[in-house]
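[1] generate coordinates for the sequence data below:
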Amino acid sequence: MPIILPVKGVSPLIPEDCFIAPNATIVGDVVMGAQCSVWFHAVIRGDVNRIRMGNKVNVQDGACIHCTYQKSGTEIGNNVSIGHHAIVHGCTVEDDVLIGMGAIVMDRARIGKGSIIAAGAVVLEDTDVAPGSIYAGVPARKVKNISPELLSGEIERIANNYVLYSSWFQEAPSKKA
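    Sure, this is the predicted structure:
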């Protein structure tokens, strides 16, 4: 059973069509959009500030979304994939973004629409990632622009796949004899 807890009287708001893995944790001021999924061992902590998530956001296994007390909430747009063991902290992630496995996005960074943060990249505080670009490295730097094929072939495909994967975990109604 997932851990879903209020903090200071504020409970997470999770639509019924979202999939929350049995060992995921979601606490505090978290508002999720439709068709989101939070996978195994993922943590979304809206305990010290707010977290807002659009539609079709997938938070993959072991990822962490958090924010900074009295400074930076976290805003995540639509069709966003947050890869396994990534950390998204006190920042803004616009629509149609892929945050790669093990990447870290720090406070007050802005990840522009249609961008990819490569696996293992570290996006430093206050970094403004240009829309439609790929950032990689430590610290993360722009390596190239995203082609339309990569936008639809990877970013959209992964977001849609996670909606499909979520459906595999929906329990069929039991038939009692």
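[2] list the helices and strands the lengthiest helix in the chain packs on?
    For the chain, the helix that runs over the most residues, judged by DSSP state H, is helix 157-167. When contacts are defined as 3 or more CB pairs under 8 Å, 6 or more residues apart in numbering; DSSP states H and E, helix 157-167 packs onto strand 37-38, strand 58-59, strand 81-82. Where C-beta positions appear, they are placed from N, C-alpha and C, glycine not excepted.
[3] how does it look with 7 Å?
    Applying 3 or more CB pairs under 7 Å, 6 or more residues apart in numbering; DSSP states H and E, one finds that helix 157-167 makes contact with strand 81-82.
[4] just the buried positions in the helix or strand just after the strand it packs on, please.
    Counting by DSSP states H and E, the next helix or strand C-terminal to strand 81-82 is strand 87-89. For strand 87-89, the neighbour count (16 or more other CB atoms under 10 Å) marks I87, V88, H89 as buried.
[5] residues contacting the helix or strand bottoming out on mean pLDDT in the chain, please?
    The weakest-scoring helix or strand in the chain, judged by mean pLDDT, DSSP states H and E, is helix 148-150 (a mean of 80). Under the contact criterion CB atoms under 7 Å, 6 or more residues apart in numbering, helix 148-150 has no outside partners.
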